[in-house]
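In: Task: produce atomic coordinates for the following.
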Amino acid sequence: MNKTKIIVAGVLTVALVAAIVFYMQSPQPPKRPQEPKQPYAYSSEEVKISNDSANVTLSGTLTLPKGKGNFPAVVLITGSGPQDRNEEVFGHKIFLVISDYLTNNGIAVLRYDDRGVGKSTGNFKTGTTHDFSNDAESAVAYLKTRKEINKDKIGLVGHSEGGIIAPMVSTRSGDIAFMVLLAAPGMEAKKLLLLQDELIARSFGVSEPEIRKLLAINKGAYKMVSESGDLKLLKADLTEYAKKRTVLEVPKELLPPNMSKEQMIASQIENLSSPWFQYLIKYDLVHTLEKVTCPVLALNGEKDLQVPPRENLAGIKQAINRGGNDQVTIKELANLNHFFQESEIGSPKEYAVIEQTFSPLALEEMTRWILER
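Out: Below you'll find the predicted structure:
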């Protein structure tokens, strides 16, 4: 695995870059005891999923429980950044662990490489959350072609940005049986980003005055993105903005070794001026949640610093309830971080060193709820 290409499965901000450093400095990742080993107690099949409208072919894995078909099924939807079908980050194969557990409990699972990743075609860099939702919808359409799948019991499981995509698919297709939202946002992106910046910077030991400076800078940058309609002009404006303010004020705790402030900021300008980020920061997530009609389980970890649980779980429930849907269950799980690992403080610098990939309690909660549907 190329450690330099790690992207955290959450909304990527300046503060999160520092998490990569801790993984890169580790000569070898710790053991991953939850990672299942072959032979599996179920069938695992390589499949191809066509998104004809985008001329994209997604490569994925369909796992089917033992026995004859008519299984309930889920599509797993990854978080931000180019992810493979296992949503592998920091040596953790999160979706492999989830799919193994669900399939062993009688639920078929389809997971796939993001467009432009692994064996999938397409260009990830030019894609937006809307484009990725079309890919997920194509995955649902593929499941409907399989005789082993109960077409009335197909659900979605979305992690982080995948929890934004799942409601988009649900409200468009109208026949999603249920949704599980894992560490999913429930508030507008600008507010979430600033909250995330603050909490993660504090977890890295950045002083309170430096945090206030960082938030002021980022608030201005996010405002520029949300008001821009021209990506080339936006990039030029962000570059000029950075020259005036940011280069001198990046907290040293957030600066990776062997990278200058200018290099780090340049990489962030690329991210902020991308089609993906511009779409995300303008997207009205709350309005979409208000149109969700299927049963929803929203889980979040108590120590999630990327998508803080109190604000986002409440936002999800309130939005769905406003739309007249009372079939929503929210649960905050003690001591778990953004990846549902048992953690000390929830900081991104813990992600790689924790051996646990996904909390057994979270796996049990999700599986029991799905089977009850």
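In: quick one, longest helix in this structure?
Out: Assignment by DSSP state H gives helix 208-227 as the longest helix of the chain.
In: Which strands or helices does that helix pack on?
Out: Judged by 3 or more CB pairs under 8 Å, 6 or more residues apart in numbering; DSSP states H and E, helix 208-227 is in contact with helix 14-24, helix 189-203, helix 231-241, helix 275-282. Bear in mind the C-beta positions are built from the backbone N, C-alpha and C, glycine included.
In: can I assume residue 187 is in contact with residue 311?
Out: Yes - using CB atoms under 8 Å, residue 187 makes contact with residue 311 at a distance of 5.9 Å.
In: lowest-pLDDT helix or strand in the chain?
Out: Taking mean pLDDT, DSSP states H and E as the measure, the helices and strands of the chain show their lowest mean at helix 14-24, namely a mean of 49.
In: which stretches of the stretch 51-200 of the chain form helices?
Out: Secondary structure of the stretch 51-200 of the chain (DSSP state H, counting those that start in this stretch): helices located at 94-104, 129-144, 162-173, 189-203.
In: what's the closest of those to residue 183?
Out: helix 162-173 (6.8 Å; CB to CB).
In: Figure out how far the closest one is from the centre of its chain.
Out: 13 Å (CA atoms, centre = their mean, to the nearest Å).
In: and it, what does it pack onto?
Out: Under the contact rule (3+ CB pairs under 8 Å, 6+ apart), helix 162-173 is packed against strand 71-77, helix 129-144, strand 149-159, strand 178-182, helix 285-289.
In: can I get those in TSV with mean pLDDT and distance to residue 226?
Out: Listed next are these as TSV, based on pLDDT from 0 to 100; distance: least, CB to CB, whole Å:
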stretch	mean pLDDT	distance to residue 226
strand 71-77	98	24
helix 129-144	98	15
strand 149-159	98	23
strand 178-182	98	24
helix 285-289	97	14
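In: I'd like those laid out as CSV, including mean neighbour count.
Out: Below are the helices and strands packed on helix 162-173 laid out as CSV (neighbours: other CB atoms under 10 Å):
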stretch, mean neighbour count
strand 71-77, 26
helix 129-144, 20
strand 149-159, 22
strand 178-182, 27
helix 285-289, 20
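In: TSV for the ones you listed, including distance to residue 112?
Out: Below are the helices and strands packed on helix 162-173 laid out as TSV (distance: least, CB to CB, whole Å):
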stretch	distance to residue 112
strand 71-77	8
helix 129-144	6
strand 149-159	13
strand 178-182	17
helix 285-289	22
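In: Out of those, which is closest to residue 368?
Out: strand 178-182 (11.3 Å).
In: Please identify the pairing partners of the closest one and their relative orientation?
Out: strand 149-159 (parallel), strand 296-301 (parallel) (DSSP bridges).
In: Would you report the backbone torsion angles of the spatially most central residue of the chain?
Out: Residue closest to the average C-alpha location in the chain (CA atoms, centre = their mean): residue 79, at 1.9 Å. Phi and psi for residue 79, reported as degrees, to the nearest 10, are phi -80, psi -170.
In: Does it touch residue 160 like I think?
Out: Yes - with contact defined as CB under 8 Å, residue 79 reaches residue 160; the gap is 3.2 Å.
In: and the residue nearest to residue 353 when sequence neighbours are not counted, how many neighbours does it have?
Out: Residue nearest to residue 353 in three dimensions, not counting chain neighbours: residue 30, with 6.0 Å by CB to CB, 6 or more residues apart in numbering. Number of residues near residue 30 (other CB atoms under 10 Å) recorded here: 14.
In: Distance-wise, check residue 30 relative to residue 88.
Out: 14 Å (CB to CB, to the nearest Å).
In: Residue 159 now?
Out: For residue 159 relative to residue 88 (CB to CB), the value is 12 Å.
In: Now residue 344, what are its backbone angles?
Out: phi -80, psi -60.
In: Report how many residues lie close to it.
Out: By other CB under 10 Å, the burial measure for residue 344, its neighbour count, is 10.
In: do residue 348 as well
Out: Residue 348 has 26 neighbouring residues, counting by other CB under 10 Å.
In: Which pLDDT value goes with it?
Out: With respect to pLDDT, residue 348 scores 88.
In: swap in the one 4 residues further on?
Out: In the predicted model, residue 352 carries a pLDDT score of 88.
In: I'd like to know how far it sits from residue 340.
Out: For residue 352, the distance to residue 340 - CB to CB - is 15 Å.
In: which one of those two has more residues nearby?
Out: Neighbour totals were compared for residue 352 and residue 340, and residue 340 leads with 28 against 21 (other CB under 10 Å).
In: Would you reformat the helices of the stretch 51-200 of the chain as CSV and include distance to residue 62?
Out: Shown next, in CSV, are those (distance: least, CB to CB, whole Å):
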stretch, distance to residue 62
helix 94-104, 9
helix 129-144, 8
helix 162-173, 18
helix 189-203, 32
